[in-house]
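In: No sequence on hand, only this structure:
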């Protein structure tokens, strides 16, 4: 079946602009996660959604970062007033019933 | 604090050599452990996982890992590597349920033909 998809695959933006990154999880998966992969920090957890529960936002690095998940499916990660240190690959993953997480291909964000 | 550490950042091997990548975790409670692999230009893929039961876990492509609770370790092994195993390998852990993965810093493996 279809895996986790993310769009866009690449995004170049100017410092100070807002960006939106999209994730389509595997159909039927109840949990959705966002991670960030960067050279200096490795793989870092950002936020996760589980069903109708309040999301765990404990990994968001600043209040410029936010995410929502509409209808229990698609999720959007928004970064406001982007900074150069936001440049990274943003990964989305989904899982079902607490088992392993399946990762998407990521969105490479470059802030110039 | 929950953490995962990988001791080897870069490993270079010749084909047919044996591989062991170290992973240690610091977690309270019941822990689930994973090894993910990222081939060049591809996304993260699950190699194997440990939730409970037999501490020797076999995964895809001939990889295996052993959970040693007394050593807080989950080392990845392969008896004979191939050039196609060139990739970055990540150890990760989570508590049971819908919890965030905590990753190690990764190990870049280069297998020379």
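Out: Received, thanks. Remember, predicted model here, so these are calculated numbers, not experimental data.
In: list the contacts for the residue nearest the centre of chain A?
Out: The residue lying closest to the centre of chain A (CA atoms, centre = their mean) is residue A:34, at 3.5 Å. Taking CB atoms under 8 Å, 6 or more residues apart in numbering or on different chains, we find residue A:34 in contact with A:23, A:45, A:46, A:47, A:48, A:67, A:75, A:77, A:90, A:91, A:92, A:93. C-beta here means a position set from N, CA and C on the backbone, and glycine is covered the same way.
In: And residue B:64, by the same measure?
Out: B:48, B:56, B:57, B:58, B:76, B:77, B:78.
In: Residues of chain B that sit close to chain A?
Out: B:34, B:36, B:42-46, B:49, B:90, B:92, B:96-98, B:100-106 (CB under 8 Å from any CB of the partner chain).
In: Show me the strands in the chain, by range?
Out: The chain I'm using is chain A. Using DSSP state E, the strands of chain A run over A:5-7, A:10-13, A:19-24, A:31-38, A:42-50, A:65-69, A:75-79, A:88-95, A:102-103, A:107-111.
In: was after chain B, sorry
Out: Using DSSP E, strands in chain B cover B:3-5, B:10-14, B:19-21, B:24-26, B:31-38, B:45-50, B:56-58, B:64-68, B:73-78, B:87-95, B:102-103, B:107-112.
In: Where does pLDDT dip in chain A?
Out: A:1, A:98 (pLDDT under 70).
In: quick revisit: out of the contacts of residue B:64, which is most surrounded?
Out: residue B:76 (24 neighbours; other CB atoms under 10 Å in any protein chain shown).
In: So which residues on chain A come close to chain B?
Out: Chain A has residues A:30-31, A:33, A:35, A:42-45, A:48, A:50, A:56, A:58-59, A:91, A:93, A:95, A:98, A:100-106 near chain B, with proximity defined as CB under 8 Å from any CB.
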